[in-house]
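**Student:** predicted model, plus sequence, below.
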Amino acid sequence: MTAHTLPAAVRRDALSRSALFARIPGEALGVLAEMMDSEFLQSGDTLFARGEPSDRVYLVVGGQLSIFLEDGREAVRRLGPGELLGEYGMFAGHTRTATVRAEEEASLLSLD
């Protein structure tokens, strides 16, 4: 992952398009957008691996990610812009149940 920051307007727009965050009023959405970290992946980068601690929730802003279970050979699901991941493990206090890898360059917002 590389360290850059998505512009505030892009953060707010991404949150407003997410089913989970869309109902948050404008000012509060702006505050949340400022609290979130920007994450960038190159094609093939692993966001997190099965068994790791679930300490962040992620919102896909751009690009495509794949979810892999046990052997990592075949993706069980693909994620794109507007989709949320990692929320179950973080809120339930579990470790990651799958490995997530970028299929192409991807940008995300994350919150711990």
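**Tutor:** Ah, there it is.
**Student:** for this structure, what helix or strand is lowest in average pLDDT?
**Tutor:** helix 87-92 (a mean of 72; mean pLDDT, DSSP states H and E).
**Student:** ok, R78 - how many residues close by?
**Tutor:** For R78, the count of nearby residues is 11 (other CB atoms under 10 Å). For the C-beta atoms, the positions are set from N, CA and C on the backbone; glycine is no exception.
**Student:** correct me, but it touches F68?
**Tutor:** No - R78 lies out of contact with F68 (CB atoms under 8 Å); the separation is 10.8 Å.
**Student:** next SSE after the least confident helix or strand of the chain?
**Tutor:** strand 99-102 (DSSP states H and E).
**Student:** in which helix or strand would I find the residue nearest the centre of the chain?
**Tutor:** The residue lying closest to the centre of the chain (CA atoms, centre = their mean) is Y58, at 2.4 Å. If you go by DSSP H and E, Y58 is part of strand 57-62.
**Student:** can you check D13 too?
**Tutor:** Going by DSSP H and E, D13 is in helix 8-16.
**Student:** so what does the helix or strand just after that helix touch, helix or strand wise?
**Tutor:** Moving toward the C-terminus from helix 8-16, the first helix or strand encountered (DSSP H and E) is helix 26-35. If contacts are counted by 3 or more CB pairs under 8 Å, 6 or more residues apart in numbering; DSSP states H and E, helix 26-35 sits against helix 8-16, strand 106-111.
**Student:** report the angle between the axes of the last one and helix 26-35?
**Tutor:** Counting by axes from the mean of the first three to the mean of the last three CA atoms, to 10 degrees, strand 106-111 points 110 degrees away from the direction of helix 26-35.
**Student:** centre of the chain to strand 106-111, how far?
**Tutor:** 5 Å (CA atoms, centre = their mean, to the nearest Å).
**Student:** burial count for the spatially closest residue to L6 that is not a sequence neighbour?
**Tutor:** Among residues not flanking L6 along the chain, S38 sits closest, at 4.4 Å (CB to CB, 6 or more residues apart in numbering). Look at S38: counted by other CB under 10 Å, it has 18 neighbours.
**Student:** repeat for V57
**Tutor:** 19.
**Student:** if it is in a bridge, with which residues?
**Tutor:** When bridges are called by DSSP bridges, V57 pairs up with L111.
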